[in-house]
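*Asks:* any chance you can model this:
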Amino acid sequence: MSVDVKIIPGKLPPFWDRGVLFFCNIHSIFYENQEEASDLMRQIAGAQSYGGRVMSILNLLFHRGPNRILLEAPPEASLLDYLSGDLRLSLPGFDVLDHRGYRDLVAKGASGIDPAIEELRRQPAAWVDGYVTDAVLVQVADKIQKRTISTLAGSKNGNNKYLLYRHQVEKQLPTFDTLLASEPGELSSCLKSLREMGYAKAVVKAQIGASGYGMIKLETQEPRLDCVPDYLFFEGPCMVQGWLDQETPGVERIGSPSVQMFLNDDTVYLYDWTEQVLSRESVHEGNISPPPYISEHPELEEELFRQAGIAGEWLHAQGYRGTASADFLVIGREGKTKTIVCEINARITGATYPSVLARHFMPEGCWSMRNIQFRGSLDGSRLLALMDRAAVLYRPGKDKGILPFNFNTDAEGKIIKGQFLSLGENHEECAELLVQAWAELPVEWGYDRD
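*Replies:* Reported below is the predicted structural model:
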């Protein structure tokens, strides 16, 4: 099946003319690999309330409606008031269904009538979606007589880094130097080979991972192999790749851009591009758009979108439909730049929310999104009032401001973390907004992982 690729940076694509029942199945993003998922959830502050991010954009992604979202924790009330009142965003209806309840939808026997299934079946939306289309979501859709946006194979294969790597090799696209380890005992020989190729560091990548999980960086000289968890081999062989950074002789790391995608039945839209904000461990902490170094390297725009289009065609062929992102590494070496696709994330990603919101309210200009964690807890209405007092809280019609689109809460419903989108004419203005806002806060804060 042929597919068109349309490059429209800064413009939102025509999203779904459908209504959806959306399950925030964040615990399923590694599919059957529950050990990897549990490890990730332990590391993310406020993980149970991350699904609240979808509230802000679901009716933009599925504009026919009516839409309903199943959250793992109740959304913060004052933020909902801000989104629907000040921002005048249409919000979906919601219910709370934690991960155990999600899995119980298919774990129960077939005898008798399950009230939860009957209630979901009565929802008017004809489609079902989630962070990923796992086996549970497919079974739920079948039980409630609705259709999934993506196939199970399309969702899972689309997130498989090894399958994407094989496609890059087939298309003769740039790739990292890569060896395969079928089991932990083969890591030493792979690392030795990469050391002989001149690499001081390497990365072990599981076939499926997210947010820095499924990836372990190691020294090639006397590596600590005891820190490599067995779950990295859950889907099969791991890739062991040479690591490129400023410590690699002759290498200048230019950036880690990401291209935002939307795939419908016949078109791949490339609608925004960002620079990923990464920690020292290469864990996602936020995004900036457009990449700030593009003025110095204007040739990168064409190459990034060219390779993203090829990756998008492959993702479409897997059977995946919906929002996604292609993540890159751009390096300078011997006077030339090299652009390499690192991975595709076939789901609503941490960059999807700010990108959709930014381009909805301010198609022109710059934006940045940061995860901010507070050293103490805050009441949501007070946090919004403090931002308003600092004159930075965004409202439609303003040419700059900060738009909080999700609050992560503790057991008492207090804010411990949030996702904050800064909108402005340039990157300097976006950065200044954060300084201005946090000068009003009564607690210390810091940046955190996605």
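
*Asks:* and the pLDDT at the most centrally placed residue in the chain?
*Replies:* Compute the mean C-alpha point of the chain, and by C-alpha atoms, centre = their mean the closest residue is T349, 2.1 Å away. pLDDT, T349: 94.

*Asks:* what about it, distance to G322?
*Replies:* Note on T349: its distance to G322, by C-beta to C-beta, to the nearest Å, is 11 Å. The way it works is simple: take the backbone N, C-alpha and C, and place the C-beta from them, glycine included.

*Asks:* rewinding a little: quick one: residues contacting the residue nearest to the centre of the chain.
*Replies:* By C-beta atoms under 8 Å, 6 or more residues apart in numbering, T349 lies in contact with 323-325.

*Asks:* tell me which of the residues you listed is nearest to G154?
*Replies:* Using C-beta to C-beta, the shortest approach to G154 within the contacts of T349 belongs to A324, at 10.9 Å.

*Asks:* I figured the closest one hits I344, correct?
*Replies:* Yes: at 6.1 Å, A324 and I344 qualify as touching, with contact defined as C-beta atoms under 8 Å.

*Asks:* of the contacts of T349, which belong to strands?
*Replies:* Among the contacts of T349, DSSP state E puts 323-325 in strands.

*Asks:* joint contacts of A324 and I344?
*Replies:* 158, 315.

*Asks:* poorly predicted segments of the stretch 1-150 of the chain, please.
*Replies:* Across the stretch 1-150 of the chain, the ranges flagged by pLDDT under 70 are 1, 45-46, 108-113.

*Asks:* quick one: the helices in it?
*Replies:* Counting by DSSP state H, counting those that start in this stretch, one finds helices in the stretch 1-150 of the chain at the ranges 34-43, 58-61, 77-81, 99-107, 115-122, 135-143.

*Asks:* could you dump those into a markdown table with mean neighbour count and distance to I310 added?
*Replies:* Listed next are the helices of the stretch 1-150 of the chain as a markdown table, based on neighbours: other C-beta atoms under 10 Å; distance: least, C-beta to C-beta, whole Å:
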| stretch | mean neighbour count | distance to I310 |
| --- | --- | --- |
| helix 34-43 | 16 | 28 |
| helix 58-61 | 20 | 24 |
| helix 77-81 | 17 | 39 |
| helix 99-107 | 16 | 35 |
| helix 115-122 | 13 | 38 |
| helix 135-143 | 19 | 28 |
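
*Asks:* got the buried residues for the helix or strand where H316 lies?
*Replies:* If you go by DSSP states H and E, H316 is part of helix 299-318. By 16 or more other C-beta atoms under 10 Å, the buried positions in helix 299-318 come out as 300-301, 303-305, 307-316, 318.

*Asks:* contact partners of it?
*Replies:* 1, 3, 5, 7, 9, 153-154, 157-158, 163-164, 167, 171, 173, 254, 257, 259, 261, 263, 268, 270, 273, 291, 293-294, 324, 326, 328, 330, 337, 339, 341, 344, 346.

*Asks:* of those residues, buried ones?
*Replies:* Buried among the contacts of helix 299-318 (16+ other C-beta under 10 Å): 3, 5, 7, 9, 154, 157-158, 163-164, 167, 173, 254, 257, 259, 261, 263, 268, 270, 273, 291, 294, 324, 326, 328, 330, 339, 341, 344, 346.

*Asks:* take those and keep only those in helices.
*Replies:* 154, 157-158, 163-164, 167 (DSSP state H).

*Asks:* with respect to G250, which of these is nearest?
*Replies:* For those, the nearest to G250 is L164 (26.7 Å; C-beta to C-beta).

*Asks:* burial count for the residue nearest to N426 when sequence neighbours are not counted?
*Replies:* Excluding the flanking residues, the one nearest N426 by C-beta to C-beta, 6 or more residues apart in numbering is C366, at 5.4 Å. By the criterion of other C-beta atoms under 10 Å, C366 has 21 neighbours.
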